[in-house]
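[1] My questions are about this predicted structure, shown below with the sequence.
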Amino acid sequence: MKILPKDDEYVRNVLTACIENNQTSNDHFLNKSLKSFQRNPGLAAEIRKSLKDAHFYKLNAKAFKVDRQRFDKVIRKIAYALFYKEFGFTWQRLLAVTTNQLKMSDMSKDHLGVLFESLTAALDKLLLKGQNPLIFQYAFIELSADKFEKALFMLFYEGFPFWIIPDKTSNRCDFE
């Protein structure tokens, strides 16, 4: 599966729709995301069709279905690119994408959500990098002496966090 030109827009739209993000995210949603919905009425219709109330979470909040395969593929590609930028070689591991912002249809955490919560306990000790911290920050964490055994923490819009976890049993990357 290749990244389609609109996959990055799709991910941006999901990220900026998060109600826990900062004002920059809200601004991007109100101009960039809404414009992309106007250009792609099919995507807008798909989201509207899947909207459900999430008032138990926050007053007037809505949830919508996210194509996790499509979403995670883009996030993994960002992770591989960051690894290469940071270390100068390709991350030879399969990667799992975890976040606490995407839930199952019953609003419970997915199977990696528990792992996300355990990793986030020491988050305040991370030194985050990023040229525009209002939009994106990240940090790599050494898991062992193996040059490929690093976890990656990424934070979009100060409110949409990810842990990227390498599969230590793998010895290849997968951009799909």
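    Cool, got the structure.

[2] wait, what's in contact with residue 68?
    Under the criterion of Cβ atoms under 8 Å, 6 or more residues apart in numbering, the neighbours of residue 68 are residue 102. For glycine as for every other residue, the C-beta is placed from the backbone atoms N, C-alpha and C.

[3] same question but for residue 136, I mixed them up
    130, 154, 155, 156, 157.

[4] I figured the second one was touching residue 141, is that so?
    If I follow you right, that is residue 154. No. With contact defined as Cβ atoms under 8 Å, residue 154 does not reach residue 141; the gap is 11.8 Å.

[5] between the two, who's got more neighbours?
    Comparing residue 154 with residue 141 by neighbour count (other Cβ atoms under 10 Å), the higher total belongs to residue 154, at 21 against 14.

[6] And the more buried one, how far from residue 43?
    As judged by Cβ to Cβ, to the nearest Å, residue 154 and residue 43 stand 24 Å apart.

[7] Check residue 167 too.
    Residue 167 is 31 Å from residue 43, by Cβ to Cβ.

[8] Please apply the same query to residue 11.
    For residue 11 relative to residue 43 (Cβ to Cβ), the value is 12 Å.

[9] more neighbours, those two?
    Neighbours per residue, other Cβ under 10 Å: of residue 11 and residue 43, the larger number sits with residue 11, 22 against 15.

[10] check contacts around residue 58.
    Contacts for residue 58 (Cβ under 8 Å, 6+ apart) come out as residue 19.

[11] about what we covered before: which of the contacts of residue 136 fall within strands?
    154, 155, 156 (DSSP state E).

[12] Any idea what the last one is bridged to?
    What that stands for is residue 156. residue 136, residue 160 (DSSP bridges).

[13] Please tell me I have it right and it contacts residue 15.
    Yes. Counting by Cβ under 8 Å, residue 156 does reach residue 15; the two are 4.9 Å apart.

[14] out of the two, which sits in the busier spot?
    Neighbour count, other Cβ under 10 Å: between residue 156 and residue 15, residue 156 has more, with 28 against 23.

[15] Excluding covalently adjacent residues, which one is nearest to residue 166?
    Distances taken as Cβ to Cβ, 6 or more residues apart in numbering place residue 93 nearest to residue 166, at 3.6 Å, with adjacent residues excluded.

[16] how about the CA coordinates for the least confident helix or strand in the chain by mean pLDDT, as PDB?
    Least confident helix or strand, the chain: helix 113-120 with a mean of 73, by mean pLDDT, DSSP states H and E. Provided in PDB are the C-alpha atoms of helix 113-120 (Å, rounded to 0.1, in the frame of the first residue of the first chain):
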ATOM      1  CA  GLY A 113      -3.200   1.500  24.600                       C
ATOM      2  CA  VAL A 114      -2.100  -0.200  27.900                       C
ATOM      3  CA  LEU A 115       1.500  -0.300  26.700                       C
ATOM      4  CA  PHE A 116       1.100   3.400  25.800                       C
ATOM      5  CA  GLU A 117       0.000   4.200  29.400                       C
ATOM      6  CA  SER A 118       2.900   2.300  31.000                       C
ATOM      7  CA  LEU A 119       5.500   4.100  28.700                       C
ATOM      8  CA  THR A 120       4.000   7.500  29.400                       C
END
